[in-house]
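Asker: Sharing a model prediction with you, sequence too.
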Amino acid sequence: MPVEGCTIYHSLALSAPVIVLGLYHAFQSPSPYHGHRHKLLLGTGMTVIGSIMQIYPYWTGLAPFLLFGGACMVVFPLLLIWRALLTDRRQLERMAYTDTMTGLPNRNKMNMDLASRKGRNTIAILFVDLDHFKAINDTFGHHIGDRLVQEAGARLRRFVSAKQQVYRIGGDEFAFILIDCCEEQAERLADRIVRQMKEPYYLMEQVLHITASIGVSIGSEQSADRSLLIQQSDRAMYKAKSLGGNRYCMNNGPISP
């Protein structure tokens, strides 16, 4: 069998230097004890060969176990390395597409989701911005502001469904993407968000009252329209702020709740 052949060849290769060296000294020595040394070294060589042949059956029996152990020593570390690399990759992807403060998808994830939309369905983009957030930061401190953003993100998460997703795009700004929706559905969601966001916030023994301004735009999933929808939502949101906040505004004009 191939394993046995490789094993005996390996054993003979290990013993060959001993035999050759013994024969060389035996025939080259001019000593009067030439014949005695010759017999001694030849006997030593035969003893080595005999020992190899005696342990060969045991080696053949252990060969499968040794091969299995060697394979485990190679494969197991490789599996550990592969698992560590896969875990690191998932963590990096999570960090790249998740907001660390709220746990919501971030702007990178929003851009990726928009880029993946290749159909002709109708989509709506809602920009949500907290009113007077800077004043709260300056008055109560950034730790209260951070808690407020976290609580606002938690409230907005309640509106997530199979066809609508919320993102934190930075600071106190959030965005919704609605898939396959009409104008009435987008307005209904914007109205619910406005009403939910003005409920009192109880943060670290502080009771805060804050409102939100929302800009809404509706268009198709085609790539030529996506950037325009984002710009229209942003302008509509600032239009709602200029009207006093606590309202949503469509890209074609203001609407009060």
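Answerer: Received the coordinates, thanks.
Asker: Give the rounded mean pLDDT of stretch 179-188.
Answerer: Stretch 179-188 comes out with an average pLDDT of 92.
Asker: Straight-line length of that stretch, end to end?
Answerer: End-to-end distance of stretch 179-188 (CA to CA, to the nearest Å): 14 Å.
Asker: got it, and stretch 206-213?
Answerer: 23 Å.
Asker: what comes up buried for that stretch?
Answerer: Neighbour counts over stretch 206-213 (16 or more other CB atoms under 10 Å) mark I210, A212, S213 as buried. For every residue, glycine as well, the C-beta is placed using N, CA and C.
Asker: Quickly note the distance from the closest residue to the first one other than its chain neighbours to N137.
Answerer: This points to I210. Using CB to CB, 6 or more residues apart in numbering and skipping residues adjacent in sequence, the residue nearest I210 is L130, 5.8 Å away. According to CB to CB, to the nearest Å, L130 and N137 sit 10 Å apart.
Asker: who are the neighbours in contact with the residue nearest to I210?
Answerer: Contact analysis of L130 by CB atoms under 8 Å, 6 or more residues apart in numbering lists L148, V149, A152, D172, M197, I210, T211, A212.
Asker: which of these sit farthest apart?
Answerer: Pairwise distances across the contacts of L130 peak at 14.8 Å for V149 and T211 (criterion: CB to CB).
Asker: any idea where the helices of the stretch 151-257 of the chain begin and end?
Answerer: Taking DSSP state H, counting those that start in this stretch, the helices of the stretch 151-257 of the chain run over residues 183-197, 223-242.
Asker: Which positions within the longest one qualify as buried?
Answerer: Burial within helix 223-242, assessed by neighbour count using 16+ other CB under 10 Å, is assigned to R226, L229, I230, Q232, S233, D234, A236, M237, K239, A240, K241.
Asker: Ok, stretch 102-112 next?
Answerer: For stretch 102-112, using 16+ other CB under 10 Å, the buried residues are T102, L104, P105, N106, K109, M110.
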